[in-house]
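# predicted model and sequence follow; I will ask about them next.
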Amino acid sequence: MPIINRIAEFADDVKAWRRDLHEHPELLFDVNRTAGIVADKLRSFGCDEVVEGIGRTGVVGVIKGRQTASGKVIGLRADMDALPILETTGVDYASKTPGKMHACGHDGHTAMLLGAARYLAETRNFDGTAIVIFQPAEEGGGGGREMVNDGMMERFGIAEVFGMHNAPGLPVGAFAIRKGPIMAAADTYDIHITGRGSHAAMPHQAIDPIVIGSQIVQALQTIVARNIDPLDSCVVSTTMFRAGDTHNVIPQTAHLCGTIRTLKADTRVYVAKRVKEIAEGIAALHGAKATVEISDGYPVTVNHDSPTDFAVGVARQVAGKERVMDDIMPLMGAEDFSYMLEARPGAFIFIGAGNTAGLHHPAYDFNDEISPLGMSYWARLVETAMPARA
């Protein structure tokens, strides 16, 4: 793998940055320490401009090439936030905050983009402007949406934007990507059932929300099985069922909640409609009432054709043709880089993390071995998209 020599020289620095971030995880928009470190390092690298507070706690760095006559501006994005999980890795740089940990590798993403920024600011071997984007609140807060809504794309003139995420199970040294939908939309539903409570010895006097809720849970599975084209992708999962407080009382109410994952906009709308129809219909059949709330989550992450082809070419420069998969199956997880891809053309790629624990697992730890490859990908993406003129 042709790792850039200069990047290999400071790879140990990047590892140290990453492990410091790992020790001090922060959640959602409350990433003040992390954002402060990022901003300080970008200034120390000599970035032309460093702006804090975009999308509440996001940081953006501007790096101009030796020439800027091309007028091209490309954004590179990393996420900074951690997860509310108790870490079990046992490493000597484990989280110092119980109940919080970097279980998704955002510490590694931030460190890799910082390393790429250091290299790009040193060499400036390109004609155009590189914008490095450090985003808060990917894990459920919609930080990507907030940065876009804060006018980031317009303020910095970003024409294309690229993202990257580590992938446990994908071999170290490999990349994976596809055109079109690569990650799903993630919506949620809450179903509140109101029946009639009674003594459990007198069920005939009740309208039992537990029985009704059980029927709703089963019926929701028919959406995927009988309403969705088998060649389409959809997940409807009820993940919580709460009702009752004791052994001998049929409760008055029940609460169900779950997730909907889709890859197409029309499927997304249709499934939400069916969840509502099924829940309300079954409840009414039993003389109860169901109130359904559908909450829109992150939209589908859709890679644009030309930027995806470009990303594939750059990844092959770095990893070799045989190590770049360019037509992987979409994943039903969600990613709020989707908001940036709705605002500008671009592509989201996975970099292999090897045989590690899975994402969001308490034993997960980012694989520092992949950082030089990720940094080289970022650097070559800028230099190839905006080649310097002799």
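Great, that's in hand.
# distance of the closest residue in space to residue 265 that isn't next to it in sequence from residue 96?
Distances taken as CB to CB, 6 or more residues apart in numbering put residue 300 closest to residue 265, at 7.1 Å, once the chain neighbours are dropped. Using the backbone N, CA and C atoms, a C-beta is placed for each residue, glycine as well. Separation of residue 300 from residue 96 (CB to CB, to the nearest Å): 37 Å.
# do the same with residue 38
19 Å.
# all strands of the stretch 51-200 of the chain, in order?
58-64, 73-79, 129-135, 160-168, 175-176, 180-183, 185-194, 198-199 (DSSP state E, counting those that start in this stretch).
# winner for burial among those strands?
Mean neighbours per residue, mean count of other CB atoms under 10 Å, is largest over the strands of the stretch 51-200 of the chain for strand 129-135, with a mean of 28.
# residues contacting it, please?
Strand 129-135 is contacted from outside by 35, 38, 42, 47, 55, 58-65, 68, 72-80, 110, 113, 116-117, 120, 143-144, 147, 152, 156-158, 161, 340, 382, 386, using CB atoms under 8 Å, 6 or more residues apart in numbering.
# what pairs with that strand, parallel or antiparallel?
Using DSSP bridges, strand 129-135 pairs in its sheet with strand 58-64 (antiparallel), strand 73-79 (parallel).
# what's the closest of these to residue 214?
Among those, the nearest to residue 214 by CB to CB is strand 73-79 (38.5 Å).
# and the residue positioned nearest the centre of the chain, what is it in contact with?
Nearest to the geometric centre of the chain sits residue 335, at 2.9 Å (CA atoms, centre = their mean). By CB under 8 Å, 6+ apart, the contact set of residue 335 is 138, 163, 165, 183, 298, 301, 348.
# relative to residue 262, which of the strands of the stretch 51-200 of the chain is closest?
Minimum separation from residue 262 across the strands of the stretch 51-200 of the chain (CB to CB) falls at strand 185-194, 5.1 Å.
# the closest one pairs with which strands, parallel or anti?
Short version: by DSSP bridges, strand 185-194 pairs with strand 253-262 (antiparallel), strand 289-295 (antiparallel).
# okay, those strands, which one's buried deepest?
strand 253-262 (a mean of 21).
# show me what the helix or strand encompassing residue 314 is packed up against.
Using DSSP states H and E, residue 314 sits in helix 305-319. If you count contacts as 3 or more CB pairs under 8 Å, 6 or more residues apart in numbering; DSSP states H and E, helix 305-319 packs onto strand 160-168, strand 175-176, strand 324-325, strand 346-354, helix 371-385.
# pLDDT weak spots in the stretch 1-150 of the chain?
Low-confidence segments of the stretch 1-150 of the chain, defined by pLDDT under 70: 1.
# that older thread, make a markdown table from the contacts of residue 335 and add distance to residue 174 to it.
Below are these laid out as a markdown table (distance: CB to CB, whole Å):
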| residue | distance to residue 174 |
| --- | --- |
| 138 | 23 |
| 163 | 17 |
| 165 | 13 |
| 183 | 18 |
| 298 | 25 |
| 301 | 20 |
| 348 | 16 |
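# longest helix in this structure, by residue count?
In the chain, with assignment by DSSP state H, the single longest helix is helix 265-285.
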